[in-house]
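Participant: Model the structure of this input:
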Amino acid sequence: MEEIESWFKNLHIAKRSTHKTEDLTYLLDIDCLKVPGGQNNQLVAVSCSNHRVRVYNKQTLTLVQQFQGHSAPISGIRFAQISDQLLFSASCDGTVKCWDVRSSSTDTVQTYKGYPNNAFISFDISCNDLVICAGTEKVKEDTFMVFWDARSGTNMISPEGREPLGVYSETHNDDITQVRFHPSNPNMVASGSTDGLVNIFDISQETEDDALLATCNSDSSVSFVGWSGRELEQIFCMTHDEGFYLWDLAHLHNEEPITLVKMQDVRESLKLDSGNLDYLIGGFYHEKAEKLFVLGGTHMGKLHFLNCDAGDLTHLYTLHDSHSAIVRAFYWDSEDHSLLTCGEDAQLFLWKPNATELTTEKKTSMKLPSDVHRKMRVHSKNAYKSKK
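Facilitator: All right, here's what the predicted structure looks like:
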């Protein structure tokens with residue numbers, strides 16, 4: 001545990017992105033492209049509240065490329081898992097767009113169209129880069145998980161856009177806020193919704209009913225979903241009212257309890273030595289430590305590392321440096337123990353062990369009107385059910 005604490009305790013801001021005052025926008029999501037053969041080729045992408053996507057060099061945080069093509073808020077960004085040049089972005093405008101980060105052109109490589117009235121508020125791409133899935137807002141009685149063949153977008157431009165392979169429409173009854181493919185099994189995907197449910201699917205099955213492997217209930221609106229555990233057979237979720245849940249899918253067909261952690265409000269049960277916890281940002285499973293870690297924050301931008309162990313979340317460490325407003329997203333690099341964070345102060349930070357930032361200049365907090373908001377719902381408390 002001492003080694004684990006040192007990973008976080010030694011983190012300091014090494015670099016921060018800089019932009020003109022008129023360019024200040026919320027930074028909403030983040031992803032990192034790792035390229036074999038050198039640190040200098042790593043790229044970082046962030047989505048902005050002005051409907052643009054920015055790409056930076058990870059080591060210097062200098063702006064490499066900027067893409068503009070969505071007409072509504074961007075709900076997520078993902079680099080391709082295998083290709084070293086493709087970046088995907090999903091939007092409430094009903095499209096998923098593919099960009100070439102190695103090209104000098106800022107034109108869209110491919111556009112994946114949804115159905116009429118689709119507004120995508122979550123998405124992901126499978127670990128083998130073959131399938132894209134996006135979750136929609138509820139319109140009237142319709143809520144969809146929409147699927148595309150991602151391969152059709154490679155090496156070709158099609159202005160009319162690619163049509164979906166199909167949809168899942170029966171297993172959620174409210175906005176699908178999270179879609180998360182399994183890190184190593186391209187056929188397994190989890191979804192979370194404001195209906196409180198986290199569903200796990202095997203998309204190799206022919207029908208939605210056959211594909212549904214399990215349904216877990218958080219009793220609240222789901223804000224984050226991730227995979228965890230040595231065999232990545234655990235699924236965890238966070239809720240918009242700061243709940244935290246961890247389930248073990250390996251126990252679906254035995255007598256062991258599937259629920260490992262159930263915390264309806266982490267803020268009430270967590271004891272912090274330094275300040276308060278206002279919200280949960282997300283989590284990640286550290287393979288070397290074989291532990292699940294959670295990152296939380298305060299409205300003033302302070303970051304807390306939490307440890308998930310023995311059926312509970314405990315405070316591990318609070319970073320001394322901080323953002324000046326709410327942190328929206330992060331990316332943890334377990335290879336070099338670096339951290340990337342971005343948020344509502346319009347700043348992107350690179351944190352490294354024992355780093356010293358050359359400049360101490362900090363931007364003043366600039367709270368901006370945001371068209372991206374958190375949604376709360378009243379939920380039914382259906383019991384956990386599994387697909388046998």
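Participant: pretty sure Cys98 contacts Asp107?
Facilitator: No - using CB atoms under 8 Å, Cys98 is not in contact with Asp107, being 10.7 Å away. C-beta coordinates here come from the backbone N, C-alpha and C atoms, glycine included.
Participant: Where does the prediction get shaky in the stretch 51-200 of the chain?
Facilitator: 152-160 (pLDDT under 70).
Participant: where do the strands sit along it?
Facilitator: Here the stretch 51-200 of the chain has its strands, by DSSP state E, counting those that start in this stretch, at 52-57, 63-68, 74-79, 86-91, 95-100, 110-113, 120-125, 131-136, 145-149, 166-168, 176-181, 188-193, 197-202.
Participant: Output the ones you listed as CSV; include the columns mean neighbour count.
Facilitator: Shown next, in CSV, are these (neighbours: other CB atoms under 10 Å):
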stretch, mean neighbour count
strand 52-57, 20
strand 63-68, 16
strand 74-79, 24
strand 86-91, 26
strand 95-100, 24
strand 110-113, 21
strand 120-125, 25
strand 131-136, 27
strand 145-149, 22
strand 166-168, 19
strand 176-181, 25
strand 188-193, 26
strand 197-202, 22
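Participant: and those as JSON lines, adding distance to Ser269?
Facilitator: Converted to JSON lines, these look like this (distance: least, CB to CB, whole Å):
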{"stretch": "strand 52-57", "distance to Ser269": "37"}
{"stretch": "strand 63-68", "distance to Ser269": "41"}
{"stretch": "strand 74-79", "distance to Ser269": "30"}
{"stretch": "strand 86-91", "distance to Ser269": "34"}
{"stretch": "strand 95-100", "distance to Ser269": "38"}
{"stretch": "strand 110-113", "distance to Ser269": "41"}
{"stretch": "strand 120-125", "distance to Ser269": "27"}
{"stretch": "strand 131-136", "distance to Ser269": "29"}
{"stretch": "strand 145-149", "distance to Ser269": "33"}
{"stretch": "strand 166-168", "distance to Ser269": "34"}
{"stretch": "strand 176-181", "distance to Ser269": "23"}
{"stretch": "strand 188-193", "distance to Ser269": "22"}
{"stretch": "strand 197-202", "distance to Ser269": "21"}
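Participant: Which one of the ones you listed lies nearest to Glu208?
Facilitator: Of all those, strand 166-168 sits nearest to Glu208, with 4.6 Å by CB to CB.
Participant: which stretches of the stretch 251-388 of the chain form helices?
Facilitator: 266-269 (DSSP state H, counting those that start in this stretch).
Participant: number of nearby residues for Asn173?
Facilitator: By other CB atoms under 10 Å, the residues close to Asn173 number 15.
Participant: how close does it get to Phe144?
Facilitator: Note on Asn173: its distance to Phe144, by CB to CB, to the nearest Å, is 12 Å.
Participant: of the strands of the stretch 51-200 of the chain, which approaches Asn354 most closely?
Facilitator: Asn354 sits nearest to strand 52-57 of all the strands of the stretch 51-200 of the chain, at 21.2 Å, using CB to CB.
Participant: and that closest one, how far from the chain's centre?
Facilitator: Relative to the chain's own centre, strand 52-57 is displaced by 16 Å; criterion: CA atoms, centre = their mean, to the nearest Å.
Participant: Which residues does it contact?
Facilitator: 17, 25, 40, 42-48, 62-68, 70, 74, 77, 87, 89, 99, 101, 348 (CB atoms under 8 Å, 6 or more residues apart in numbering).
Participant: Please repeat the previous calculation with a cut-off of 7 Å.
Facilitator: With contact meaning CB atoms under 7 Å, 6 or more residues apart in numbering, strand 52-57 is reached by 17, 43-48, 62-68, 74, 77, 89, 99, 101, 348.
Participant: now stretch 288-295
Facilitator: 4, 228, 230, 236, 244, 280-286, 303, 305-309, 313, 330, 334.
Participant: What about those, which are in strands?
Facilitator: Within the contacts of stretch 288-295, residues falling in strands by DSSP state E are 228, 236, 244, 280-286, 303, 305-309, 313, 330.
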